[in-house]
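Visitor: Below are the sequence and a predicted model; questions follow.
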Amino acid sequence: MKKFSFLLILISILTLIFPTISLSNEQGKFVILLLDQLSLKEISQYGGPVFIQLFDESAQALLNVRTDYGIKTEYTYQAFGAGNRGEKYGAVSGMLGELLKVNNYKVAVYGNMDYGTEENRKVMTIVMDNNSHLFYGDVTKNVLLKDSIFPGNWRTDYQKMTELFLEGYDKYDLIVLEVGDLARIKRGLKEEILTKDEEEFLMQVTFERIDRLLGMVKARLNLTQDRLMVVAPTPDSSEIRIGAKLSWVLLTGINYEMGVLKTGTTRRPGLVTISDLAPTVLEYFQIPTPTEMTGRLIITDQVTHGGLSRLMNLNQQIVRTSEWRPWYIKAFILIQIIGLFLATLIFFSRKIVPEIWWKVVRIWLLGIMFIPLFFLVLSPYNLSDFTGYLIILFFLIALGTWLIEKLHKNPLASVVTIIIVTIILILFDIFRGSPWMSRSILGYCPIIGARFYGLGNEYMGLLVGGTLMGWTGLLDLCSWFEERKMILTPIVFIAIMSIIGFPLLGANLGGAITAIAAFTSTYVLMVEKSKRIKIIFVIAGAMFIILGIFILADTYSLAGERSHFGQTINLLRNQGFSAFMEIITRKLSMNLKLLRWTIWTRVLITFIIVLVLLFKRPRGALSKLITTMPNLFLGFIGVIIGSVVTIIVNDSGVVAAATLLFYAILPLIYLTTFSEG
């Protein structure tokens, strides 16, 4: 007992002598500075030394702020607090504030975006609870100053904000500071209250004030245990109008070293989403992320930093690709339609058409087949000139067409070579984390935010259709493969399907289901009729096991962060049949919308018309192809079945169906011209 008492006394003395020693880590403070509608360009132009230094010292990223309702402050702030971009994904307003309240953490908010007599206090939606209550802080005009030169005659009282922050630092766990002056200036410019010169003056003085506020905040924080987030939840409206719809965020403090930010939502260094902000706050306070939040924890990726200039360059590259994409996609689809129209016209006028026109159509079709390949391989070069990109693309297509015709006299060999090279490069890119696809004209757009990683539906269609036509064409070309096709075909098909669906690779479950339907159809048709039923059962069992592995790995994050499908499974587990019906309704609605509005519908309809016309000529060249290239025809049937399935199982199934048919219809017509010409 004496020894125990002595030990307690010793601990007490040591605690008094060394007050920094603690038996447990003290919880620090999380501070969020909101600079809504502030662009990176404006930071570069007006930013003070403290602000610029913070970019050099912190970890930062571009911020996708897309919500189900659009990109406006009321929606982005609500998505921040919900950790979810909308009701379609099970969003619950006030989730962040409710969880902090339930876990006994105190939150204070200071500041607003009031304008004139209009109250604009949407900042509350970030940290309010489920009952829309905010318990600490001040979002009234007490934190503003009358200022006649400012739009709305009010501006932020930075001295008051400083005093409130210093006073609240010891009381509250999460402190949110809203600087509304930037939004007031933007609104004044929009309403033509300000001239450009007046805007520039106000921006300069406002940035000086922000720099002082930021310097004070940094000086008070202990970044070995505290954390600071500076974020613009909504982009500048003038930037949005020109297509620059990404904002930015930076984090510094404990566990955030100099580098770039990344998250399991995007799996792309330098890019996070508005939904990821709340889970990152919760993680700091050791609160598990609920399933209603679709965002993931933001972490630091210690790659080459580059500071503000790197972030601006990344933003410019993403915006440029987004601006170019509609033009190049429209041109890509248009030349497909023209090529198919010319080929069909020549078929029906074949007795009077000179040989030169057959050659023109062949070169045209062969050149088109190269385009997805060059869209992929040009993406890492970050070409900034639209015309220059177009010239290089035309040159590569012409060079590729010339080389392939010189290399192969057999037209099937030409087609198979193009397809197989494209497939190999797509697979190579998938294994590297899809850096080419994420920047390709045919890839997915980080601004739209429908997909950030893995295999997008455009290249998924090309991969499935190309695998079928490339492999079956190879069987018709090479007797060695033909003799072993019953063993090699399932190996190839299962490998490709697994790559498409595995969460850390393609992460496209809809694509995996499409591949299963398409590949199985082709392989079953290769088997003798008496064995087909047995083979179907074997394949069904194998596919059930493989899909089960995908789902388990994704749902329980055994292979890393959950993909969109893994989040969907968790949503279904929590919300049941109603969530399932919402998903089905959303998919049908999206595909109906795409059928009406997307330009891909036009090429899909053209493919269907050409198919009907070709099959109306059973005694023509198509019947010869079926006889001379029987395996290729089986691959073609698999493509048709896969295109139907992909429309059903994918949100953008129309796009996937069009690209899936690409390496079926164009090669088929190309080969037919040699029989007819």
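Guide: On my side now, so go ahead.

Visitor: Just the buried positions in stretch 391-410, please.
Guide: Applying a neighbour-count criterion of 16 or more other C-beta atoms under 10 Å, the buried positions in stretch 391-410 are 393, 396, 397, 400, 401, 404, 408. C-betas here are computed from N, CA, C, even on glycine.

Visitor: The first one in helix, strand or coil?
Guide: When the structure is reduced to helix, strand and coil (DSSP: H, G, I helix; E, B strand; the rest coil), residue 393 reads as helix.

Visitor: mind listing what the closest residue to it other than its chain neighbours touches?
Guide: With sequence-adjacent residues excluded and distances taken as C-beta to C-beta, 6 or more residues apart in numbering, residue 393 is closest to residue 374, at 5.8 Å. Neighbour list for residue 374: 393, 396, 397, 400 [criterion: C-beta atoms under 8 Å, 6 or more residues apart in numbering].

Visitor: can you put those residues in a markdown table and add pLDDT, distance to residue 78 and secondary structure?
Guide: Rendered in a markdown table, the data for the contacts of residue 374 read as follows (pLDDT from 0 to 100; distance: C-beta to C-beta, whole Å; DSSP: H, G, I helix; E, B strand; the rest coil):
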| residue | pLDDT | distance to residue 78 | secondary structure |
| --- | --- | --- | --- |
| 393 | 95 | 42 | helix |
| 396 | 96 | 46 | helix |
| 397 | 95 | 47 | helix |
| 400 | 95 | 49 | helix |
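
Visitor: Please, where are all the helices along the stretch 451-600 of the chain?
Guide: Taking DSSP state H, counting those that start in this stretch, the helices of the stretch 451-600 of the chain run over residues 457-477, 479-483, 485-501, 509-526, 532-555, 564-575, 577-597, 600-615.

Visitor: of all those, which lies closest to residue 445?
Guide: Residue 445 lies closest, by C-beta to C-beta, to one member of the helices of the stretch 451-600 of the chain: helix 457-477, at 10.9 Å.

Visitor: May I see the buried residues of that closest one?
Guide: Under the neighbour-count criterion of 16+ other C-beta under 10 Å, helix 457-477 has 457-477 buried.

Visitor: what angle separates that helix from helix 485-501?
Guide: 170 degrees (axes from the mean of the first three to the mean of the last three C-alpha atoms, to 10 degrees).

Visitor: Helix 457-477 packs against which elements?
Guide: Packing contacts for helix 457-477, counted by 3 or more C-beta pairs under 8 Å, 6 or more residues apart in numbering; DSSP states H and E, involve helix 355-377, helix 411-431, helix 479-483, helix 485-501, helix 509-526, helix 630-649, helix 653-676.

Visitor: averaged over its residues, what pLDDT does the last one have?
Guide: Along helix 653-676, the predicted confidence averages to a pLDDT of 87.

Visitor: One more: the fourth one?
Guide: Rounded to a whole number, the mean pLDDT of helix 485-501 is 93.

Visitor: ok, back up a step: figure out which of the helices and strands packed on helix 457-477 is closest to residue 92.
Guide: Between residue 92 and these, the shortest gap by C-beta to C-beta is with helix 509-526, which sits at 25.4 Å.

Visitor: Next secondary structure after the strand ranked longest in the chain?
Guide: With residue count as the measure and DSSP state E as the assignment, the chain has strand 246-253 as its longest strand. Following strand 246-253 in sequence order, the next helix or strand is strand 259-263 (DSSP states H and E).

Visitor: could you point out which element follows that next one?
Guide: Read in the C-terminal direction, the helix or strand following strand 259-263 is strand 271-273, with elements assigned using DSSP H and E.

Visitor: Give me the below-cutoff pLDDT ranges for the chain.
Guide: 1-26, 87-90, 303-305, 551-598, 615-622, 675-677 (pLDDT under 70).

Visitor: on that earlier part again, kindly indicate which of the buried residues of stretch 391-410 lies nearest residue 449.
Guide: Set against residue 449, the nearest of these by C-beta to C-beta is residue 393 (26.7 Å).

Visitor: Touching, the closest one and residue 376? I think so.
Guide: No. With contact defined as C-beta atoms under 8 Å, residue 393 does not reach residue 376; the gap is 11.7 Å.

Visitor: Quick check: the gap between residue 242 and residue 268.
Guide: Distance from residue 242 to residue 268, counting by C-beta to C-beta, to the nearest Å: 23 Å.

Visitor: between the two, which one's more packed in?
Guide: Per other C-beta atoms under 10 Å, whichever of residue 242 and residue 268 has more neighbours is residue 268, with 21 against 10.

Visitor: quick one: contacts for the more buried one?
Guide: Residue 268 makes contacts with 262, 438, 446, 452, 453, as judged by C-beta under 8 Å, 6+ apart.

Visitor: Can you give me the neighbour number for the second one?
Guide: Residue 438: 24 surrounding residues under other C-beta under 10 Å.

Visitor: now it: how far from residue 430?
Guide: 11 Å.

Visitor: Could you find the closest non-adjacent residue to residue 82?
Guide: Once its chain neighbours are removed from consideration, residue 82 has its nearest residue in residue 91; the separation is 4.3 Å (C-beta to C-beta, 6+ apart).

Visitor: contacting residues for the residue nearest to the spatial centre of the chain?
Guide: Nearest to the mean C-alpha position of the chain, counting by C-alpha atoms, centre = their mean, stands residue 452 at 2.2 Å. With contact set as C-beta under 8 Å, 6+ apart, residue 452 has these partners: 64, 265, 266, 267, 268, 271, 438, 444, 446.

Visitor: Phi first, then psi, for it.
Guide: In this entry, residue 452 is assigned phi and psi values of phi -120, psi -10 (degrees, to the nearest 10).

Visitor: again with residue 112
Guide: Note on residue 112: backbone dihedrals following degrees, to the nearest 10 are phi -160, psi -180.

Visitor: Distance-wise, check it relative to residue 71.
Guide: The span separating residue 112 from residue 71 equals 21 Å under the rule C-beta to C-beta.

Visitor: ok, the two, which is more surrounded?
Guide: Comparing residue 112 with residue 71 by neighbour count (other C-beta under 10 Å), the higher total belongs to residue 112, at 25 against 21.

Visitor: where does the more buried one sit relative to residue 330, distance-wise?
Guide: Counting by C-beta to C-beta, the gap from residue 112 to residue 330 is 44 Å.

Visitor: sorry, back to before: out of the helices of the stretch 451-600 of the chain, which is closest to residue 298?
Guide: Of all these, helix 564-575 sits nearest to residue 298, with 16.4 Å by C-beta to C-beta.

Visitor: ok so, going back, could you single out the most deeply buried of the helices of the stretch 451-600 of the chain?
Guide: Per-residue neighbour counts averaged over each of the helices of the stretch 451-600 of the chain give the maximum for helix 457-477, namely a mean of 27 (mean count of other C-beta atoms under 10 Å).

Visitor: is it true that residue 438 touches residue 454?
Guide: No. Using C-beta under 8 Å, residue 438 makes no contact with residue 454, being 9.3 Å away.

Visitor: now the helices of the stretch 451-600 of the chain in CSV, with distance to residue 76?
Guide: Listed next are the helices of the stretch 451-600 of the chain as CSV, based on distance: least, C-beta to C-beta, whole Å:
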stretch, distance to residue 76
helix 457-477, 27
helix 479-483, 54
helix 485-501, 33
helix 509-526, 28
helix 532-555, 28
helix 564-575, 20
helix 577-597, 21
helix 600-615, 30
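
Visitor: now for those, which one comes closest to residue 624?
Guide: For those, the distance to residue 624 is smallest for helix 600-615, at 11.8 Å, taking C-beta to C-beta.

Visitor: Now do that closest one: everything it contacts.
Guide: 333, 336-337, 340-341, 343-344, 347, 594-595, 620, 622, 654-655, 657-658, 661, 665, 668-669, 672.

Visitor: helices or strands next to the helix or strand just after that helix in the packing?
Guide: Going down the chain from helix 600-615, the next helix or strand is helix 621-628, by DSSP H and E. Contact partners of helix 621-628 among helices and strands, from 3+ C-beta pairs under 8 Å, 6+ apart: helix 630-649, helix 653-676.

Visitor: repeat that with 10 Å
Guide: helix 600-615, helix 630-649, helix 653-676 (3 or more C-beta pairs under 10 Å, 6 or more residues apart in numbering; DSSP states H and E).
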